[in-house]
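J.: Just to be clear, the model below is a prediction. Sequence and coordinates:
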Amino acid sequence: MSEPTAATPSQQEKGQQPAAAQPMVPPGAPFQYGQYMYQPQVIHNKAWQRTKDALQIISLLASIIGLGLAGSLGGSWYSYYTLFWNLPLFIFTAIWSIAELAVRIKRKFQGTGIHPGVHVAMSLLIWLGASVIAGFQITLTAYRAYDIDYYDECWDEFEGEYRSCGTSSFSLMAALCAFTVIVWLVHFILFIGACVDTSKHNALRRAQVMFVQGPPPTWGVPPNAWQPVPMQPMPMPAQPQPTQAPAAQPAEYYTPQR
């Protein structure tokens, strides 16, 4: 029967060695911050916003009245010109004014409406078109006024007959010309204001503020401060194995006989 052998110190260290200590974060380690981008907000002028809303309402009303006047001239000598020139202008202007007012109502008249860059494009198209149409209408109205002063009857090319040069159609034509000029003036003012708003908006987009991470702060450790020291593994001493004494052999002895 084999006797148990004593474990060597190296074998006991392998079996009973404690886990390695976890590395500790030094107290002066920096904390990483992400970059933060700050976008300055546009400061809106409430008085100018209310003025724009009022101008859009005037533009919408002028377009609706202009559509009615253009329709009432449908059976006169001016029908071809009014339907071809005025109807597209007033319909386009009314749709744009309704869209802007709808956005303002949805936002409860807080902030701004549609982007000012869109205002620049739309108001430019409207006031350029209104200026051309108004110039044409003023010329046509002046020509019509000359017919009324010097002729009792006028040749109607649309009907192909002479008709009375009355003042009813002339009054409607003059009123239509006046509302076209109103649309031109309103959107010319809105165009100038939209250019200013777009310039401010683009300037604020370029003026972005970025917070950049600076050098990390460091803290010194006082000389008498307590610092934890990681535990060092200590070898366990080997326990001696007990030695057994050999078994006693029976001894022989001589006893004298009597």
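T.: Alright, I've got the coordinates. Numbers count the residues shown, from 1 in each chain.
J.: Work out for me the element residue 132 sits within.
T.: Residue 132 is located in helix 116-150, with elements delineated by DSSP states H and E.
J.: Check which residues of that helix are buried.
T.: 116, 119-120, 122-127, 129-131, 133-134, 137, 140-141, 144 (16 or more other CB atoms under 10 Å). C-betas here are computed from N, CA, C, even on glycine.
J.: name the helices or strands packed onto it?
T.: helix 79-81, helix 87-106, helix 168-206 (3 or more CB pairs under 8 Å, 6 or more residues apart in numbering; DSSP states H and E).
J.: Distance to residue 67, mean neighbour count and mean pLDDT for those - can I get that in a markdown table?
T.: Putting those into a markdown table (distance: least, CB to CB, whole Å; neighbours: other CB atoms under 10 Å; pLDDT from 0 to 100) gives the following:
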| stretch | distance to residue 67 | mean neighbour count | mean pLDDT |
| --- | --- | --- | --- |
| helix 79-81 | 14 | 16 | 62 |
| helix 87-106 | 5 | 17 | 94 |
| helix 168-206 | 10 | 18 | 87 |
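J.: Out of those helices, which is closest to residue 64?
T.: Residue 64 lies closest to helix 87-106 among those, at 6.4 Å (CB to CB).
J.: report the angle between the axes of the closest one and helix 168-206?
T.: 50 degrees (axes from the mean of the first three to the mean of the last three CA atoms, to 10 degrees).
J.: which other helices and strands contact helix 87-106?
T.: Using 3+ CB pairs under 8 Å, 6+ apart: helix 87-106 touches helix 46-72, helix 116-150, helix 168-206.
J.: now those helices in a markdown table, with distance to residue 99?
T.: Shown next, in a markdown table, are those (distance: least, CB to CB, whole Å):
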| stretch | distance to residue 99 |
| --- | --- |
| helix 46-72 | 10 |
| helix 116-150 | 9 |
| helix 168-206 | 13 |
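J.: between those, which gets nearest to residue 106?
T.: With respect to residue 106, and counting by CB to CB, the nearest of the helices and strands packed on helix 87-106 is helix 46-72 at 13.3 Å.
J.: which parts of the closest one are buried?
T.: 49, 52-53, 55-56, 59-60, 62-63, 65-67, 69-70, 72.
J.: In the residues you listed, find the pair that's most separated.
T.: So, the buried residues of helix 46-72 by CB to CB: farthest apart are 49 and 72, at 35.5 Å.
J.: so where's the stretch 1-150 of the chain uncertain?
T.: Counting by pLDDT under 70, the stretch 1-150 of the chain contains low-confidence residues at 1-44, 74-82, 144-150.
J.: Recalculate using a threshold of 50.
T.: Residue ranges of the stretch 1-150 of the chain with pLDDT under 50: 1-2, 13, 25, 28, 148-150.
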